[in-house]
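Participant: What would the 3D arrangement of this be:
(chains A and B)
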Number of protein chains: 2
Amino acid sequence: MTIKIALLGFGTVAKGIPYLLKENQHKLLSLEGEDIVIDKVLVRDNESRQRFINQGFTYNFVTEINTILQDSQIDIVVELMGGIEPAKTYLSQALGFGKHIVTANKDLIALHGKELMDLADARGLALFYEGAVAGGIPILRTLSHSFASDKMTRLLGILNGTSNFMLTKMFEEGWSYEQALKKAQELGYAESDPTNDVEGIDTAYKATILSQFGFGMPIDFDDVNYKGISSIRSEDVEVAQEMGFAIKLVADLRETPTGISVDVSPTLISQKHPLAAVNHVMNAVFIESIGIGQSLFYGPGAGQNPTATSVLADIIDISRSIRSQIKIKPMNTYHCPCRLSMQSDIFNEYYLAISLRNAEDSDTLGRYFEQENIGLKNVIEKALGDKQQEIYVLTDEVSQEKITQFIEEFPESGVIQLINVFKVIGG
Amino acid sequence: MTIKIALLGFGTVAKGIPYLLKENQHKLLSLEGEDIVIDKVLVRDNESRQRFINQGFTYNFVTEINTILQDSQIDIVVELMGGIEPAKTYLSQALGFGKHIVTANKDLIALHGKELMDLADARGLALFYEGAVAGGIPILRTLSHSFASDKMTRLLGILNGTSNFMLTKMFEEGWSYEQALKKAQELGYAESDPTNDVEGIDTAYKATILSQFGFGMPIDFDDVNYKGISSIRSEDVEVAQEMGFAIKLVADLRETPTGISVDVSPTLISQKHPLAAVNHVMNAVFIESIGIGQSLFYGPGAGQNPTATSVLADIIDISRSIRSQIKIKPMNTYHCPCRLSMQSDIFNEYYLAISLRNAEDSDTLGRYFEQENIGLKNVIEKALGDKQQEIYVLTDEVSQEKITQFIEEFPESGVIQLINVFKVIGG
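Facilitator: Residues are numbered from 1 along each chain as shown, chains lettered A, B, ... in the order given. From the prediction side, this is the model:
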């Protein structure tokens, strides 16, 4: 039984699918017995259609979604357009027409996944999206299958290749944020508007999805605290390095006595921690759990073939169920009521960069930490010339409530300024 | 519908299962709707039975396998005795009685897996063994599900915790092989007869199993070239370190134009390679494939809770199929005819340690490499006193055929001796 699929969109990832189907044909036939065939491809307009045909592609390019929806031969609709609309409308319609869905659209799944999943579940259809988180790392299926027997306590992820590339360059080459961004844009890793990547939004989408698989709790995107990498300066990277840390943009999901906490922030991570060695555009997910203990899943976070591989794994999974006439199970079946951790319940060590006018201020600062009852593990002072200096401290563990209050009440003045506060892991 | 299981054996891993069932009860109930219950536990004799009861365990301990086989209420038999017999006989009988099987017994699966799988397939029963390879890393299920869409070209694994612990100590602390082995035995990582761990046999069993999942080729254990770590000396570790390498016991599975090659050997691995940072008793599998590119799966290779987690994941997988009345699929469905690579077709760089009596021999040696047409990338000479010296070389890529011939025909004499030849990766 040949499985017929339709692609919505024919961009980079979509073009990876025919490559894999061809190069892997022998294995797929051995596994599945029969072919998976790209029956139709939706493109924007006749102009795009003509362009692809001129490029030598011989697919059945269509410009109307209805041509696909009303073709009862098509089993699976594979959405690779990105963005919220019209993807959301098309997928809702496709589910209405009884089509299974595969997508790699993290924005859509993070913001409107529940609505679409409810539609799919009600009709016994698949809505699979392995490619939406950490492109080439099969983390969602691993969490829902292999970790069914385990109980996760914390998940740390490097989930955005663009910002990780930039931080790697800042760490290894001493580049500034601006230099790193320029290079990322030249190489096509960052868009001309890089906001989603560098401000942590993309990572926060992925963290939202991971919270469902890891803790059974579908946290709202609005409940994710996120902060990007644009405030990280060369000075911070250099001091972190001296102290034995790399700086990474880390998604940190954990269970505390009162609930779960999901946050995305620039983080000093000990160079002895496996995540510190995850460089360039690579992604990784580090898991702490009561059964396995510590495990790490590492691979490319994006790119044509890695993402297409995840998308095709979803397609194969659905094909197997169709062929064996097995009822499709939702990708994630772990559901608990979502409880958010209290701020007084989340503990971290912190790195603070503070600028001072002169040495006496350093004593004032010391007394302030003492008065606030925040212990310090490490203090480095650097003269920046013209009586200006910066002081960098690593704190003992303090609650999120406490650090927030500390930052709000910090006695900023012309002479003392709090420049950066970053979380620390594995100090 | 409660799923009833019977444990064969009540050692370390078996005792981890009740712990996970209890600690994870809330999640399991949310996922599965109903309980998994340990109905009977097979122990050796009445003495063991009494000992466990005295220790406070309240399971239904039995001493006759028939009590389990003939209990039609038992759905799944979980074998955790280890060794070939009586495990093999018990599992064949259990399949005959229509029981699904879960085991973590790598020796049994590597040597007699095919026979047992044929029995299981013929009766539509499960024979799952995620815990048999890299205990806490869910690598088999990942290969058969998520990599269905990908085509692997090479798989490198650090799969034996004991030898990796020893090599880490030799690398980090400068210990000798003997010191490292003594410590591993004190800590309970190595048995009093450590042969299987240190001579690469345990790793070769796991490589045999991985070849089926990675390349669809069920290589015979006898076709795996394996060599252990007992010939590695402190000098080798030190020179490797100077040259920028760690030494690891690496299972190397790859596809070449003529077939697959599976070998287990001490390997110099570049410190820039992710596997070089896999230390102590941790395991890792590094995969190169046409779709994902490079990926790494890292976690504990053994131990009570990690292995019990994999065993329980298998049990949950079977429970889901029983409850949904879905036909069980074999754990691996990828099958090609097994073709072994020709020796002339497998290329590696090599590290050679050679002892010499005096400086002139060094020229003789140089001429010999030239005459054999083996290029050298790096040469280090060290005086060991008393006119004795050692010379260490890194070769260019040569075929396995060529290096074998080189070693056989090496002009050993009282003055020149070839001490060690190790493979090199990522030089």
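Participant: quick one, what contacts the closest residue to A:Ile346 other than its chain neighbours?
Facilitator: Once flanking residues are discounted, A:Ile346 sits nearest to A:Gln400: 4.3 Å by C-beta to C-beta, 6 or more residues apart in numbering or on different chains. No exception for glycine: its C-beta is placed from N, CA and C like everyone else's. With contacts defined as C-beta atoms under 8 Å, 6 or more residues apart in numbering or on different chains, A:Gln400 is in contact with A:261, A:343-344, A:346-348.
Participant: buried ones in stretch A:277-293?
Facilitator: Neighbour-count burial for stretch A:277-293 flags A:277-279, A:281-287, A:289, A:291-293 (criterion: 16 or more other C-beta atoms under 10 Å in any protein chain shown).
Participant: Tell me the one of those residues nearest A:Val198?
Facilitator: A:Val281 (13.9 Å; C-beta to C-beta).
Participant: Next, find the distance separating the closest residue to the closest one other than its chain neighbours from A:Asn225.
Facilitator: Setting aside the residues directly before and after it, A:Val281 is nearest to A:Gly161 in space (C-beta to C-beta, 6+ apart), at 3.6 Å. Distance, A:Gly161 to A:Asn225, by C-beta to C-beta, to the nearest Å: 22 Å.
Participant: before we move on, what about A:Arg44?
Facilitator: Applying C-beta to C-beta to A:Arg44 and A:Asn225 gives a distance of 37 Å.
Participant: the more surrounded of those two?
Facilitator: Between A:Arg44 and A:Asn225, counting by other C-beta atoms under 10 Å in any protein chain shown, A:Asn225 is the more crowded of the two (16 against 11).
Participant: about what we covered before: can you put the buried residues of stretch A:277-293 in CSV and add pLDDT and secondary structure?
Facilitator: As requested, those are exported to CSV (pLDDT from 0 to 100; DSSP: H, G, I helix; E, B strand; the rest coil):
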residue, pLDDT, secondary structure
A:Ala277, 92, helix
A:Val278, 96, coil
A:Asn279, 95, coil
A:Val281, 95, coil
A:Met282, 96, strand
A:Asn283, 97, strand
A:Ala284, 98, strand
A:Val285, 98, strand
A:Phe286, 98, strand
A:Ile287, 98, strand
A:Ser289, 97, strand
A:Gly291, 97, coil
A:Ile292, 97, coil
A:Gly293, 97, strand
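Participant: before we move on, the earlier item: farthest pair within the contacts of A:Gln400?
Facilitator: A:Ser344 and A:Asn348 (12.7 Å).
Participant: Compare the two and say which is more crowded by neighbours.
Facilitator: Just comparing A:Ser344 and A:Asn348: by other C-beta under 10 Å the higher neighbour count belongs to A:Asn348, 19 against 12.
Participant: need the contact list for the more buried one.
Facilitator: A:Asn348 neighbours (C-beta under 8 Å, 6+ apart): A:397-398, A:400, A:403, A:423-425.
Participant: what is the mean pLDDT for the strand or helix carrying it?
Facilitator: Using DSSP states H and E, A:Asn348 sits in strand A:347-356. For strand A:347-356, the mean per-residue pLDDT is 96.
Participant: Check stretch A:94-114 too.
Facilitator: For stretch A:94-114, mean pLDDT rounds to 97.
Participant: Also stretch A:244-251?
Facilitator: 98.
Participant: how about the strands in the stretch 201-350 of chain A?
Facilitator: A:225-226, A:245-256, A:259-270, A:282-289, A:293-300, A:347-356 (DSSP state E, counting those that start in this stretch).
Participant: Given the last one, what are its sheet partners and their directions?
Facilitator: What it means is strand A:347-356. Here strand A:347-356 is paired, per DSSP bridges, with strand A:388-395 (antiparallel), strand A:398-399 (antiparallel), strand A:416-425 (antiparallel).
Participant: How many residues are close by the closest residue to A:Glu412 other than its chain neighbours?
Facilitator: Sequence neighbours aside, A:Leu418 is the residue nearest to A:Glu412 in space, at 6.3 Å (criterion: C-beta to C-beta, 6+ apart). A:Leu418 sits with 15 neighbouring residues when counted by other C-beta under 10 Å.
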